[in-house]
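A.B. asks: Need a 3D model of the following:
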Amino acid sequence: MILTCSGGGSDIRQSRGSLSLPVPIFIGSTGWVLSALCILLSAMLQTPATAAEARINRMKVEYVPPTNPAHQALYERLKERRALEKLQEIFSPFRLPVDLTLRTIGCDGVSNAWYGRADHQVSVCYEYLAEILRGLPKETTPDGITPVDAMMGQFFYVFAHEMGHAMFDILAVPIFGNAEDAADHFSVYIMLQFGKDQSRGLITGAAYSYKKYVMDSKVTAPLAAFSDVHAAPAQRFYNLLCLAYGAEPKLFGDFVQKGYLPEGRARGCKGEYDQVAFAFRDLIVPHLDVQLAKTVLDKTWLPEVEARPAQN
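C.D. replies: Numbering: from 1, shown residues only. Have a look, this model is predicted:
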């Protein structure tokens, strides 16, 4: 039997041969049903081949030598500490049909990070990482954020954000909403899956990146600033805190107690976290080696500190 979906509608005719599935055009009620069947059968035929190609440990790393001599020390420091190899191991449980490269690269003075669909590469500029280093606190802040927390939290936050874009693309994950918000949520959700001490350090360290945007109770910005595909920094700050509080209200209760997260927003944070967790479970977990992921998450990734300040 050959099932054909053509420009004049769908028709079924008997024949000896293969299943032919051209692009459907919906005409009439019967045509709609048969065209929908075409799409379903096409998906069924394609899925096994795609699944067969997917496997774990498809993460690659690349430290692109910087062209700016000012970044040479940073380049060597990253390589010495095997920063990308650590991320490679963290993301190794994803079953991917293609190789995905994590790389650091010079960007001719531009502080940026992106995922490239054509070459399947997550790129973070040395300029971006240098900016993180320049903004680190000199000592542990009154809120208990250590310089290591601020460095590791922001480093992981940006790479995991771009990894979110990569997963949505490579795994064909549907996004109902803004892709940048979804990538932020992906990043924060991953951070929250580590042990409590590590999650606390990563979340507060990532939040520190928005410090200069939330120091004043009032913000003034040109109207065009709100046209960007990325949410305003203050909004991203509150979204990050809200997901963390929604996941662990005791661990992150000080966010509300100290006034960083308004109570009006905090009341709905569990629902916001549950929504992200539901999407991750149904759309991402099927592409994970769950046992390997558990092994990875159980490891200690943050450097030990002599004593982390107690939460008030």
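A.B. asks: Now the element after the host helix or strand of residue 185, going C-ward?
C.D. replies: Using DSSP states H and E, the element containing residue 185 is helix 179-191. Later in the chain than helix 179-191, the nearest helix or strand by DSSP H and E is helix 196-207.
A.B. asks: domains for this structure, by residue range?
C.D. replies: 2-53, 59-297 (automatic domain parsing).
A.B. asks: Switch those domains over to a markdown table; also include mean neighbour count and mean pLDDT.
C.D. replies: C-beta: built from backbone N, CA, C; applies to glycine. As requested, those are exported to a markdown table (neighbours: other Cβ atoms under 10 Å; pLDDT from 0 to 100):
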| stretch | mean neighbour count | mean pLDDT |
| --- | --- | --- |
| domain 2-53 | 13 | 43 |
| domain 59-297 | 17 | 94 |
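A.B. asks: correct me, but residue 192 touches residue 244?
C.D. replies: Yes. With contact defined as Cβ atoms under 8 Å, residue 192 counts as touching residue 244 (6.4 Å).
A.B. asks: what touches both of the two?
C.D. replies: Listed as contacting both residue 192 and residue 244 by Cβ atoms under 8 Å, 6 or more residues apart in numbering are 199, 203.
A.B. asks: can you give me the strands for the stretch 101-250 of the chain?
C.D. replies: Taking DSSP state E, counting those that start in this stretch, the strands of the stretch 101-250 of the chain run over residues 113-116, 121-125.
A.B. asks: what's the closest non-adjacent residue to residue 190?
C.D. replies: In space, and not counting its chain neighbours, residue 190 is closest to residue 160: 5.1 Å by Cβ to Cβ, 6 or more residues apart in numbering.
A.B. asks: Would you mind measuring from the one you found to residue 188?
C.D. replies: 8 Å (Cβ to Cβ, to the nearest Å).
A.B. asks: Next, name the residue at the spatial heart of this protein.
C.D. replies: residue 164 (2.8 Å; Cα atoms, centre = their mean).
A.B. asks: Pull the contacting residues for that residue.
C.D. replies: Applying Cβ under 8 Å, 6+ apart, the residues contacting residue 164 are 182-187.
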